[in-house]
Each structure stands twice: as structure tokens, then as C-alpha cells.
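S.K.: Below are the sequence and a predicted model for it; my questions follow.
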Amino acid sequence: CFYFLRLFTEEERLLRANDRAFNLSQQYANNAIKTSKYNVFSFLPLNLFEQFSRLANAYFLFLLVLQLIPQISSVPWFTTAVPLAIVLSVTAVKDANDDINRHKQDKLVNNRLVKVLLNGELREEKWMNVQVGDIVKLESNQFVTADLLLLSSSEPLNLIYVETAELDGVSAALKTASHCCCHLCFLGEVRCEPPNNHLDKFKGTLTLDGQQYGLDNDKVVLRGCTVRNTEWCFGLVIFGGPDTKLMQNSGRTTFKRTSIDQLMNILVLCIFGFLATTCAIMTVGHALWEEKEGSAFTAFLPRKPGVDVPLSSFYSFWSYVIVLNTMVPISLYVSVEMIRLGNSFFIDWDRKMYHPGKDTPAQARTTTLNEELGQIKYIFSDKTGTLTQNIMTFNKCSINGKNYGRKRNLQKTGTIVELDFSWNQLADPKFIFHDYSLLETIKEGNPEAQAFFRLLALCHTVMPEEKKEGELNYQAQSPDEGALVTAARNFGFVFRSRTPETITLMEMGKKVTYELLAVLDFNNTRKRMSVIVRDPEGKMTLYCKGADTIIYERLHPSCNKLKDVTTGHLNEYAGDGLRTLVLAYKDLEESYMGRWMERHHEVSTAMEGREEGLDELYEEIEKDLMLLGATAVEDKLQDGVPQTIEQLAKADIKIWVLTGDKQETAENIGYSCNMLREEMKDIFIVAANTADGVKEELFTLLPPE
Ligand SMILES: Nc1ncnc2c1ncn2[C@@H]1O[C@H](COP(=O)(O)OP(=O)(O)OP(=O)(O)O)[C@@H](O)[C@H]1O
Ligand SMILES: [Mg+2]
């Protein structure tokens with residue numbers, strides 16, 4: 001109780017690294033978690049209470065009590081007690097089994113080991129003994145113990161790769177450790193927000209040697225992530241166990257009532273009503289009969305002393321309740337449970353729901369799954385990674401008005417020949433492309449084609465990994481970018497390494513290091529990303545890639561002709577259901593850039609209005625761009641998607657798919673996966689950007705009733 005009180009009153013969290021005494025005095029939750037509902041002692045009372053909250057069980061308990069009163073009991077008590085006991089114990093066994101599994105799971109997690117820095121030395125500790133304010137060491141492929149503030153890592157620039165699939169479905173993210181923590185026995189003090197469930201927000205400050213440093217979401221890793229490709233890293237525990245964002249999001253497992261449950265409850269209530277009415281009629285009959293005829297019986301069936309007509313009618317009402325109890329079907333609930341259990345086994349056994357690739361069968365975690373599935377009217381789905389495989393391949397491109405990527409490399413035999421990239425030692429052997437003319441254009445030294453691939457090699461957030469000389473591996477947060485950077489790599493513009501200030505490329509075998517002046521990052525409102533770089537000759541360029549609609553608005557008027565040609569190509573790509581991006585660049589002047597960088601620095605260190613300020617600055621520099629071309633990336637549909645959607649459509653389930661793709665691409669994918677069909681003539685577009693606007697547009701499109 002004390003703990004919960006704290007939770008509600010905690011307004012700010014204050015903790016000190018390496019100071020257990022202080023942190024313990026703050027009474028923060030430690031890192032043990034508990035998802036189980038019962039323990040040995042609480043099982044019986046809690047479970048019985050839960051079971052008797054069900055109407056039917058409560059009714060039979062009431063009946064049992066009635067049967068124990070000798071005056072009204074018309075049948076022996078065990079006729080109700082035995083079935084009730086059976087029903088209760090079957091359910092109790094099932095609940096106990098579920099809870100034992102949860103206990104096992106909790107124990108497994110709580111007993112995982114992690115290295116903790118205690119009194120200056122590393123010691124293995126169980127997860128549950130980790131406290132807020134401890135410093136832990138994580139290694140590659142380890143689960144993140146708690147919500148941690150990253151302090152340092154083995155990788156250059158203190159970078160850490162984490163896989164966040166369990167939290168948000170995104171496969172990989174990149175985090176940076178705070179640069180200020182050079183030794184681990186430091187006594188920093190962290191002040192931050194209280195526990196909450198926002199996965200993408202974190203705000204706090206670190207005070208170290210009298211200096212304050214701002215902390216944000218980039219510097220924390222959350223429980224539920226996995227460390228990848230990072231030999232080791234150290235983190236300071238900020239939230240533990242129930243306070244972690246993962247647990248704050250999971251909420252209590254609530255008992256879900258399906259509509260069949262509700263229907264059954266209504267039916268049972270009706271039966272009760274009927275029962276009460278019947279008993280009332282019988283009671284009235286009894287009273288009349290006793291009044292008239294009863295006196296005749298008193299000779300050989302004498303009334304007990306003190307029992308007159310009203311009292312005996314009252315008794316007989318309850319006796320009838322007992323006699324007629326079979327009207328309320330106790331087995332109704334049991335048989336429904338049995339059917340549900342059977343149905344859930346059918347789901348588990350369904351061969352059509354088995355995925356041989358990953359050896360995963362369907363698994364019904366709750367017995368009510370089948371009836372819940374039967375009530376689905378709408379499905380909301382993500383496109384990339386759900387309908388499609390999220391495996392992107394660079395398919396086509398348009399450079400300076402020329403279209404590359406068609407499979408026209410036909411030899412006499414009629415087979416399509418793949419390009420040979422063996423001249424490029426750093427090429428990715430898995431990359432496949434068919435159009436020979438693109439390679440020729442590049443080798444001829446065509447400046448646009450070179451700029452095109454230079455852009456792809458520079459403008460992204462991919463991290464390279466070179467464990468052995470020449471064996472490059474890319475870590476991409478977005479698979480689109482991975483595909484584009486790999487394409488540039490194979491066509492001779494190899495992205496080799498990056499530091500916060502530089503990017504190094506191998507351009508046609510020559511090492512070139514660009515100074516990275518600014519990264520104008522991507523987000524889904526900007527729909528574009530840019531980098532500003534200075535090449536070894538000192539020339540400054542902004543490279544920008546993004547959605548066609550967005551880039552087109554920001555092009556220099558001199559590109560109009562090229563724009564028309566490129567639009568043609570873009571339409572062709574979108575017609576094939578390919579994901580497109582438009583690429584553009586702009587040369588920058590030294591004097592202008594100097595001023596811009598100053599303002600950029602000012603805005604990005606400001607405490608308030610940072611985002612608006614940056615948006616404005618970005619908007620100002622990302623204009624009058626020169627068009628370079630467009631890329632088309634293919635993301636194939638997953639197996640069986642069209643068939644599944646067709647079946648769902650037959651069941652009259654409405655499907656919504658979310659995507660950020662270009663409209664034509666999205667429509668085409670809609671057709672190829674049977675979401676949209678030829679007979680659907682009235683496809684309409686809702687273009688509003690606000691909730692009210694969308695509502696209004698939808699209402700105008702509704703057919704009149
Ligand atoms: N890394 C990137 N750099 C520049 N522009 C991008 C990048 N990723 C996407 N875009 C552009 O921004 C638009 C919106 O992308 P966003 O990632 O928000 O969509 P999404 O919701 O992820 O959709 P989907 O699930 O289909 O990928 C895309 O159509 C694309 O044109
Ligand atoms: Mg995306």
C-alpha cells in the first residue's frame with residue numbers, strides 16, 4: 001500500500017549513481033516483477049471470490065444455503081453441493097495452472113543474471129536484486145535488465161545498437177551513451193520524470209561535478225529491448241521492475257467478457273425471472289389450498305406448532321425454488337467452457353495456421369479466442385512488414401531523366417543475366433541488378449549518376465560494421481535505407497564508416513572523407529531527410545531525399561523539364577507497386593552556411609521551442625533544390641496475403657491498412673493484395689489532415705440513407 005501511495009505522489013525521480021544507501025532511502029521499486037495473481041495463501045480466498053462473482057455460481061451457492069435450512073429443504077444438500085464443487089474445482093485447477101505458468105515465467109525473468117558494479121567491482125546479480133541507481137554491464141544479445149541511462153559502450157562514439165521489436169515492432173534502434181561519463185565510479189545525480197508509459201519520451205538532467213547535462217530518449221534503453229552488435233555497454237538503472245515503461249504499459253490482465261458471456265447472463269436472468277414467477281404462482285396456490293383444504297389434513301398430518309398459513313407459504317416459496325432449480329442450467333457454463341476449450345485446441349492443431357519456416361503453430365492463449373474472432377468487423381493493419389515482407393530490394397531508378405532497371409539484358413539464349421560486380425571488392429554479393437547500362441553510365445563517369453549514388457551513400461542513418469577488413473555489414477533502422485545504401489555500395493560508392501563529424505566513402509575505389517555539417521533528420525511530417533556535407537575540396541552541398549510530393553514543392557524552377565520526365569518514371573514505378581523516393585541536391589555558399597550553422601547551433605541548444613525553431617531553419621535551407629532522380633524499391637507481399645484478404649472480405653470484414661507510401665503505390669499494392677478490386681469503382685480519397693476535417697469529408701461521401 002505504501003508503495004502505491006508513493007507511485008501516485010512521485011513527481012520527480014532523484015537518484016545518485018553508486019550510492020545505494022541514498023537510493024534505497026527513496027523507496028523506489030526494485031527490479032523484481034510480478035505478473036502472477038495469487039500465492040499459496042491467497043489462492044483459495046481470491047479464486048473463490050472471483051468464481052462466486054459469476055452469477056450462476058453465486059446462485060448455486062445461495063441454493064445450497066437454502067437446502068441447509070431443514071424447514072424448506074425439499075432435496076438433500078449434496079444434490080447441489082456436488083455439481084457445484086466439481087465446477088468450482090475444475091475452474092480452480094485451470095486458474096491455478098495458468099498462474100503457476102505466470103509464476104514460472106516471473107521466476108525465470110527475475111533470476112536472470114546481470115553484471116552489476118558494486119563497491120567498485122563487477123558482480124553477478126539476479127535481476128530482481130538490481131536497484132535503482134545501480135550501474136549494470138550488458139553484453140551483446142543480452143536482454144536489457146531495466147530502463148537504463150546509457151553511460152558508455154565498446155563501440156566507437158559510444159553507440160549502442162538495440163533491437164526494440166518487443167516494444168514497438170521496429171527492428172533496430174541506435175542509442176548514444178552520454179559523453180560526459182568517463183569513469184564508472186562517478187557520483188552523478190539524475191533528476192528525471194516519474195515512471196510513466198510513454199515509450200518515446202524521456203526527459204531528465206544529469207548533474208556531474210557541478211555541470212548539468214540534458215538527457216533525452218536517445219540516451220535511455222528500455223527493458224524489453226535486446227542489445228545487438230555491441231560488445232559491452234554500461235547503464236545506470238533509472239526505473240526498475242514495475243516502474244519500467246514496459247511494465248507500465250502492460251496494465252493488469254483484466255477478465256474479458258465476450259458477447260456470448262453477456263448473452264448467457266441475460267438468458268440466466270430471464271430464467272431467474274421465470275423461476276421467481278413460477279414459484280410465486282405456486283406459493284399463491286399453496287396458500288389457497290392450505291386455507292381451504294389444509295384443515296382436513298391436520299388430523300393425520302398435524303401442523304407444527306407456530307406455523308400458520310403465511311409462514312408455511314413463505315417456506316413453500318423457497319422449497320419450490322429448490323425443487324425447480326434444474327431450470328437454471330448449471331451445466332450451461334461448464335459446457336460452454338468445454339466447447340471453448342475444444343475450439344482453442346482446434347486452433348492450436350490447425351495445420352493451415354502453422355508456419356514451417358519458423359516452426360510456429362498458432363497458439364490460442366485464451367479459450368474465448370474463437371468467439372472473439374467471430375465478432376471482428378474491422379481489421380486495422382500496418383502495411384510494411386505485415387502485408388509485405390519488409391525485405392527491400394533496389395529495383396529501378398531514374399537518373400537525370402533516364403530510366404534504369406528494366407530486365408533488358410537479354411542474351412541470345414533468352415535468359416536474363418545478372419550484373420557482375422566482381423570489379424568492386426567491397427560489393428555486397430547478395431545484391432542483384434540486371435540493367436547493364438547503369439553500370440556503364442557510372443563507369444563512364446557521368447556526373448549526375450555519380451551524384452545520385454553519392455547522395456545515396458551519404459544521406460541516411462545507416463551504421464556500418466566492419467569486423468574484418470573489407471567485410472562490410474550495414475545496420476539500418478529502416479530497411480529502405482539499407483537497400484539504397486547497398487545499391488550505392490555495389491555501384492561503386494561504398495559507405496565505409498562514420499563518426500559524428502565525418503562520413504567516409506570509397507568512391508570508385510578512392511577514399512573520400514566528407515565533413516558532416518548537419519543532419520536534417522527524417523520524420524513522418526517532414527517526409528524527407530537531408531544532410532549537409534563538405535567535400536575534401538571544401539565545396540558544401542545539401543543532399544535531400546524524400547517523398548515526391550514534398551521534394552517537388554521545393555525544387556528550383558530550372559528543373560521543370562526534368563521534373564516532368566521523372567514524374568513519368570515515378571508513375572511507372574508506382575504502377576508496379578514500388579516504393580519511391582525522390583533525390584535532390586543543392587550547392588551551398590560558405591557565407592550563407594556560416595550564418596545558418598550559427599543559428600542552427602543556437603536553436604538546437606535552446607531549451608524552449610527547439611522543434612519549431614529547427615523546423616523553420618530546415619524549411620529555409622531545403623528549397624531551390626536541383627533534382628537528381630528517383631529510386632524505386634520493391635517490398636514483396638508476404639505469402640498468402642491476397643488469399644487471406646479475399647477470405648476476410650468474404651466474411652464482410654472491413655480492412656484498413658496504414659501506410660506512408662505514395663498514393664499510387666499504395667493503391668497498386670491494394671489491388672495486388674485483393675484489398676481493392678476492379679468492381680470497386682468509387683474509390684475516394686480523403687485528403688483532410690485533421691480529425692474534424694476527415695470526419696466532415698467522410699460524411700459528405702456517405703450515401704444518403
Ligand atoms: N528514410 C527516409 N528518408 C527520406 N524520406 C523517407 C524515408 N522514409 C520514408 N520517407 C518518405 O516519407 C514518407 C512517409 O514515410 P513513413 O516512414 O512515415 O511511412 P510509414 O508509415 O512507415 O509507411 P510504411 O509502413 O508503408 O513504410 C514515405 O512515403 C517516403 O516517401
Ligand atoms: Mg517507413
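M.R.: In hand now; what should we look at? Ligands and ions are numbered 1, 2, ... in the order given.
S.K.: Looking only at stretch 283-301, what residues are buried by neighbour count?
M.R.: Using 16 or more other CB atoms under 10 Å as the test for burial, stretch 283-301 gives 283, 286, 287, 290, 294. For every residue, glycine as well, the C-beta is placed using N, CA and C.
S.K.: Just the closest of these to ligand 1, please.
M.R.: Among those, residue 283 lies closest to ligand 1 (CB to the nearest ligand atom), at 67.7 Å.
S.K.: Just give the nearest non-adjacent residue to that closest one, would you?
M.R.: residue 317 (4.3 Å; CB to CB, 6 or more residues apart in numbering).
S.K.: What are the neighbouring residues in contact with the closest residue to ligand 1 within the chain?
M.R.: Here the chain gets closest to ligand 1 at one residue, residue 660, 1.9 Å apart by CB to the nearest ligand atom. Contact criterion CB atoms under 8 Å, 6 or more residues apart in numbering gives 524, 527, 547 as the residues in contact with residue 660.
S.K.: List, out of those residues, those positioned next to ligand 1.
M.R.: Residues of these in contact with ligand 1 (CB under 6 Å from any ligand atom): 524, 527, 547.
S.K.: Which pLDDT value belongs to the second one?
M.R.: Going back to what we said before, that points to residue 527. pLDDT recorded at residue 527 is 91.
S.K.: next one: the last one
M.R.: Residue-level confidence at residue 547 comes out at 94, pLDDT.
S.K.: Now name the helix or strand holding residue 334.
M.R.: In the assignment (DSSP states H and E), residue 334 maps to helix 330-349.
S.K.: In CSV: the buried residues of stretch 283-301, plus secondary structure, distance to residue 326 and pLDDT.
M.R.: What follows is the buried residues of stretch 283-301, written out as CSV (DSSP: H, G, I helix; E, B strand; the rest coil; distance: CB to CB, whole Å; pLDDT from 0 to 100):
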residue, secondary structure, distance to residue 326, pLDDT
283, helix, 19, 93
286, helix, 20, 88
287, helix, 24, 89
290, helix, 26, 84
294, helix, 28, 76
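S.K.: Would you reformat those residues as a markdown table and include distance to ligand 1?
M.R.: Conversion of the buried residues of stretch 283-301 to a markdown table gives the following (distance: CB to the nearest ligand atom, whole Å):
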| residue | distance to ligand 1 |
| --- | --- |
| 283 | 68 |
| 286 | 72 |
| 287 | 74 |
| 290 | 78 |
| 294 | 81 |
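S.K.: For the contacts of residue 660, pick the one with the most neighbours.
M.R.: Among the contacts of residue 660, residue 547 has the most neighbours (other CB atoms under 10 Å), with 17 neighbours.
S.K.: any idea how far the residue lying closest to it once chain neighbours are set aside lies from residue 512?
M.R.: Nearest residue to residue 547 in three dimensions, chain neighbours excluded: residue 527, at 4.2 Å (CB to CB, 6+ apart). For residue 527, the distance to residue 512 equals 29 Å [CB to CB, to the nearest Å].
S.K.: Within range of ligand 1, give me the residues from the stretch 251-400 of the chain.
M.R.: Residues of the stretch 251-400 of the chain lying close to ligand 1 by CB under 6 Å from any ligand atom are 382, 383, 384.
S.K.: show me what contacts the residue nearest to residue 547?
M.R.: Residue 527 is in contact with 546, 547, 549, 550, 660, counting by CB under 8 Å, 6+ apart.
S.K.: now, which of those residues lie within helices?
M.R.: 549, 550 (DSSP state H).
S.K.: of the contacts of residue 527, closest to residue 374?
M.R.: Minimum distance to residue 374 across the contacts of residue 527 is 32.3 Å, recorded for residue 660 (CB to CB).
S.K.: do you know how far that closest one is from residue 226?
M.R.: Residue 660 is 26 Å from residue 226, where distance means CB to CB.
S.K.: do residue 391 as well
M.R.: Per CB to CB, residue 391 is found 21 Å from residue 226.
S.K.: between those two, which one's more packed in?
M.R.: Using other CB under 10 Å, the more surrounded residue of residue 391 and residue 226 is residue 226, with 18 against 13.
S.K.: Number of residues surrounding the closest residue to the more buried one other than its chain neighbours?
M.R.: Computed as CB to CB, 6+ apart, the closest residue to residue 226 that is not its neighbour in sequence is residue 163, at 4.5 Å. Per other CB under 10 Å, the neighbour tally for residue 163 reads 19.
S.K.: Distance check, residue 163 against residue 229.
M.R.: According to CB to CB, residue 163 stands 9 Å off from residue 229.
S.K.: ditto for residue 517
M.R.: 28 Å.
S.K.: need the contact list for the residue nearest to residue 634 when sequence neighbours are not counted.
M.R.: Closest residue in space to residue 634, ignoring its immediate chain neighbours: residue 395 at 4.3 Å, by CB to CB, 6+ apart. Listed by CB under 8 Å, 6+ apart, the contact set of residue 395 reads 405, 573, 578, 632, 633, 634.
S.K.: Of these, which belong to helices?
M.R.: Those of the contacts of residue 395 mapping onto helices are residue 573, per DSSP H.
S.K.: Sort out which of the residues of the stretch 251-400 of the chain next to ligand 1 are in strands and list them.
M.R.: If you go by DSSP state E, these have residue 382 in strands.
S.K.: Most neighbours among the residues of the stretch 251-400 of the chain next to ligand 1, which one?
M.R.: Busiest of these [other CB under 10 Å] is residue 383, holding 21 neighbours.
S.K.: so that residue sits right up against residue 657, yeah?
M.R.: Yes: using CB atoms under 8 Å, residue 383 is in contact with residue 657, at 5.1 Å.
S.K.: Quick check: neighbours shared by these two?
M.R.: Jointly contacting residue 383 and residue 657 under the rule CB under 8 Å, 6+ apart are residue 666.
S.K.: What lies in contact with the helix holding residue 334?
M.R.: Helix 330-349 is contacted by residues 54, 56-57, 60, 83-84, 87, 90-91, 260, 264, 268, 353, 361-364, 366-371 when judged by CB under 8 Å, 6+ apart.
S.K.: Select only the buried ones of the residues you listed in PyMOL?
M.R.: A single PyMOL command selects the buried members of the contacts of helix 330-349 (16+ other CB under 10 Å):
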select buried, resi 54+56+57+60+84+87+91+260+264+268+362+364+367+368+369+370+371
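S.K.: burial count for residue 35?
M.R.: Using other CB under 10 Å, residue 35 has 15 neighbouring residues.
S.K.: ugh, wrong one, I meant residue 377
M.R.: 8.
S.K.: how close does it sit to residue 673?
M.R.: Applying CB to CB, the value for residue 377 to residue 673 is 20 Å.
S.K.: Residues of the protein that sit close to ligand 1?
M.R.: Counting by CB under 6 Å from any ligand atom, the residues of the chain lying close to ligand 1 are 382-384, 478, 480-481, 522, 524, 527-529, 545-547, 581, 659-662.
S.K.: So which of these belong to strands?
M.R.: 382, 528, 529, 545, 546, 581.
S.K.: mind listing what residue 103 touches?
M.R.: By CB under 8 Å, 6+ apart, residue 103 lies in contact with residue 36.
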